[in-house]
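# Provided below are the primary sequence and the corresponding predicted coordinates.
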Amino acid sequence: MLTKETFYDRVYKIVREIPEGRVTSYGAIAKALGTAGSARMVGYALRASQGVYPPIPAHRVVNRVGMLSGKAAFGSLDMMQQLLENESIVVENDRVVDFKNLFWEPNYGE
DNA sequence: GCTGTGACACTTT
DNA sequence: CAAAGTGCCACAG
């Protein structure tokens, strides 16, 4: 059942599969779902995932440069950074250090 | 009428 | 300059 679920359900599952100490980008998730041009939808799904169960580690999802763009959706700007540092991820200037090295590709359907 | 799903153009990196 | 991201708005059920 891959095409029966809505786009949002797929986004939630992929973000939940992100291992600790690893991060991914909006475009990577969007492309994994087959809609690389609708990365906007991914962001909105994460925004809604904070008030639903189970809680989605949206703090591990950043943009292509590793910037904590949606950090405001967590309640505190530093909160997202602290969570990332808690995962052994170094964050400086609101950006993940060596992000490309910590980049995790969402393999949906694996 | 309200809630859910689906997209493009503008801004930032 | 060009590519990727943006955490919403509008249409449909």
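Yep, it's here.
# ok, so what distance separates A:Asn73 from DNA strand C?
Wrong residue type there; residue A:73 is Ala, not Asn. 5 Å (CB to the nearest atom of the strand, to the nearest Å). Every residue, glycine included, has its C-beta placed from N, CA and C.
# that residue: neighbour count?
15 (other CB atoms under 10 Å).
# then the one 10 residues further on?
A:Leu83 has 18 neighbouring residues, counting by other CB under 10 Å.
# what's the offset of the helix or strand it falls within from the middle of its chain?
With elements taken from DSSP states H and E, the one containing A:Leu83 is helix A:77-86. Averaging C-alpha positions (CA atoms, centre = their mean, to the nearest Å) puts helix A:77-86 14 Å from its chain's average.
# also stretch A:88-104?
On CA atoms, centre = their mean, the centre of stretch A:88-104 falls 13 Å from the chain's centre.
# starting at the chain centroid, how far to the helix or strand that contains A:Tyr12?
Here A:Tyr12 sits within helix A:7-16, counting by DSSP H and E. Chain-centre distance of helix A:7-16: 10 Å, with CA atoms, centre = their mean.
# same question, stretch A:72-92
12 Å.
# can you tell me the SS state at A:Asn107?
Classification of A:Asn107 by DSSP: H, G, I helix; E, B strand; the rest coil places it in coil.
# find the nearest non-adjacent residue to it, please.
Closest residue to A:Asn107 apart from its sequence neighbours, by CB to CB, 6 or more residues apart in numbering: A:Ala32 at 7.2 Å.
# for the one you found, helix, strand, or coil?
helix.
# list the contacts of it.
For A:Ala32, the contact set (CB atoms under 8 Å, 6 or more residues apart in numbering) comprises A:14, A:105-108.
# pLDDT wise, what is A:Gly109 at?
A:Gly109 carries a pLDDT score of 69 in this model.
# same question for A:Val65.
Predicted confidence (pLDDT) for A:Val65: 90.
# what distance do you get for the most centrally placed residue in chain A to A:Ser88?
Nearest residue to the geometric centre of chain A (CA atoms, centre = their mean): A:Val61, 2.2 Å. Note on A:Val61: its distance to A:Ser88, by CB to CB, to the nearest Å, is 17 Å.
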